[in-house]
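S.K.: structure here, sequence nowhere to be found:
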């Protein structure tokens, strides 16, 4: 069993920055990919960013150039740094982890509980 514990998030004015972190704990697991999804009220879930165990990253077009994702394999932790935030970034952000890969059309093995990010205009 794997638990993903998220921290960070909160409220910020447009143009500001926030950071999220997600730590995986448990036993007997192998995590190859970690990432972040988000979901705003009334909208479909969106894959925001992913990072593999070797550091390969991918980003949604909507956040490219503003968000960065990193990972500490020794700590099984991933970080999402969000800069130049916009009101449309407002959503609940969910950490995800998988033994193979994270993709928009694939349900990850593990989910975090979600953390709210609110960007005011």
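M.R.: That came in fine, so what should we check first? What you see is a predicted model, and the numbers here were worked out from it, not measured in a lab.

S.K.: which residues touch the residue positioned nearest the centre of the chain?
M.R.: Relative to the mean C-alpha position of the chain, the nearest C-alpha, by CA atoms, centre = their mean, is the one of residue 36, at 2.2 Å. For residue 36, the contact set (CB atoms under 8 Å, 6 or more residues apart in numbering) comprises 20, 22, 47-50, 69, 78, 80, 93-96. C-beta: built from backbone N, CA, C; applies to glycine.

S.K.: how about these in a markdown table, adding distance to residue 59?
M.R.: Formatted as a markdown table, those follow (distance: CB to CB, whole Å):
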| residue | distance to residue 59 |
| --- | --- |
| 20 | 14 |
| 22 | 16 |
| 47 | 9 |
| 48 | 7 |
| 49 | 5 |
| 50 | 8 |
| 69 | 7 |
| 78 | 13 |
| 80 | 10 |
| 93 | 14 |
| 94 | 16 |
| 95 | 16 |
| 96 | 15 |
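
S.K.: the residue nearest to the centre of the chain: helix or strand, and which one exactly?
M.R.: strand 33-39 (DSSP states H and E).

S.K.: rewinding a little: bridged to the residue nearest to the centre of the chain, which residues?
M.R.: Counting by DSSP bridges, residue 36 forms beta bridges with residue 49, residue 95.

S.K.: tell me how far it lies from residue 26.
M.R.: Here residue 36 is placed at a distance of 19 Å from residue 26 (CB to CB, to the nearest Å).

S.K.: which stretches in this protein count as helices?
M.R.: Assigned by DSSP state H, the chain shows no helices.

S.K.: just give the number of residues close to residue 116.
M.R.: As a burial measure, residue 116 scores 11 neighbours (other CB atoms under 10 Å).
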